[in-house]
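Q: predicted coordinates and the sequence they were generated for:
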Amino acid sequence: MAKKTRRRPSASTIIACVALFVALGGSAYAATLAKNSVTSKQVKNRSLKGKDMKNNTLTGKQIEESRLGQVPDALKATNATNATNATNAQTVNGQKVTKVFAKIPIGSTQTIATFDVFELRATCTATGVEDLLVDPLTTDTDLLASGNGNAGPISTESHGTEPNSISLDQDDEVTGFDNDFGNSTFAAARTGGTVISGVISYDDPDTFDGENGCAVFGHVMQGG
């Protein structure tokens, strides 16, 4: 009987088999990955850690927060919150801020606002504002005012017993000095520490595009 001999596979056959094995092995490995998932072996950026991502999401454990930068619009959102707070603010350094705005018909007197015991009051005539007063309803006060108007500058102070109000338009019946329109700054205090201060402007009739009345407007701060 003739003896059979086995031929060894050629080098090219061996190389082809190895290539086929690697190709099949890589496909099998890829097939084990979950849909839409990436493992840490496949990611060179080591900011992703832990198990595979699923459903295109990352958990807190998979994110190194120290390596994350701020989202560009996040800073704008923070500033927007601060802007809203500033718009709604009613106090400045612990002092309450109040807007003063009044339109007073000719021939009438109005109490425009009251701050603690201090009353802001004005009278409107056909020629202008008369007796624009800061009048305390108690005697334990000190008040000062200065300003300017169509008749000239004013400077006045008052304290102690009645009458202890100050005139922001410097209406003086003795001298006849009287501003019909202008502006004044004032400050007033009580002995216990309550303080108010403000800037008040006033105008004669025919203001606001022909409205028949006097105008008083400004801001007053109160603290203490």
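A: Cool, the structure landed. Residues are numbered from 1 along each chain as shown.

Q: how many neighbours does residue 196 have?
A: Neighbour count for residue 196, taken as other C-beta atoms under 10 Å: 25. No exception for glycine: its C-beta is placed from N, CA and C like everyone else's.

Q: surely it touches residue 185?
A: No. Using C-beta atoms under 8 Å, residue 196 makes no contact with residue 185, being 11.7 Å away.

Q: ok, residue 153 - how many residues close by?
A: 12.

Q: dihedrals phi and psi, the residue lying closest to residue 108 once chain neighbours are set aside?
A: With sequence-adjacent residues excluded and distances taken as C-beta to C-beta, 6 or more residues apart in numbering, residue 108 is closest to residue 124, at 6.2 Å. Main-chain dihedrals, residue 124, degrees, to the nearest 10: phi -110, psi 130.

Q: show me where pLDDT drops low in this structure?
A: Along the chain, segments meeting pLDDT under 70 span 1-12, 14, 16-93, 173-175.

Q: need the strands for it, in chain order.
A: Per DSSP state E, the chain carries strands over the ranges 91-92, 95-105, 108-115, 118-124, 129-136, 141-149, 153-159, 166-167, 182-190, 195-203, 213-223.

Q: export those strands to JSON lines and append columns for distance to residue 15.
A: What follows is these, written out as JSON lines (distance: least, C-beta to C-beta, whole Å):
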{"stretch": "strand 91-92", "distance to residue 15": "84"}
{"stretch": "strand 95-105", "distance to residue 15": "87"}
{"stretch": "strand 108-115", "distance to residue 15": "98"}
{"stretch": "strand 118-124", "distance to residue 15": "101"}
{"stretch": "strand 129-136", "distance to residue 15": "104"}
{"stretch": "strand 141-149", "distance to residue 15": "102"}
{"stretch": "strand 153-159", "distance to residue 15": "106"}
{"stretch": "strand 166-167", "distance to residue 15": "107"}
{"stretch": "strand 182-190", "distance to residue 15": "98"}
{"stretch": "strand 195-203", "distance to residue 15": "94"}
{"stretch": "strand 213-223", "distance to residue 15": "91"}
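
Q: out of the ones you listed, which is closest to residue 176?
A: strand 129-136 (12.4 Å; C-beta to C-beta).

Q: can you show me the CA trace of that closest one as CSV?
A: What follows is strand 129-136 as a C-alpha-only set of coordinates in CSV (Å, rounded to 0.1, in the frame of the first residue of the first chain):
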residue,chain,number,x,y,z
VAL,A,129,-47.4,125.4,42.8
GLU,A,130,-48.0,127.0,46.1
ASP,A,131,-46.9,125.7,49.6
LEU,A,132,-45.1,122.6,48.6
LEU,A,133,-44.4,121.5,52.1
VAL,A,134,-42.7,118.7,54.1
ASP,A,135,-44.6,118.9,57.3
PRO,A,136,-43.8,116.7,60.3
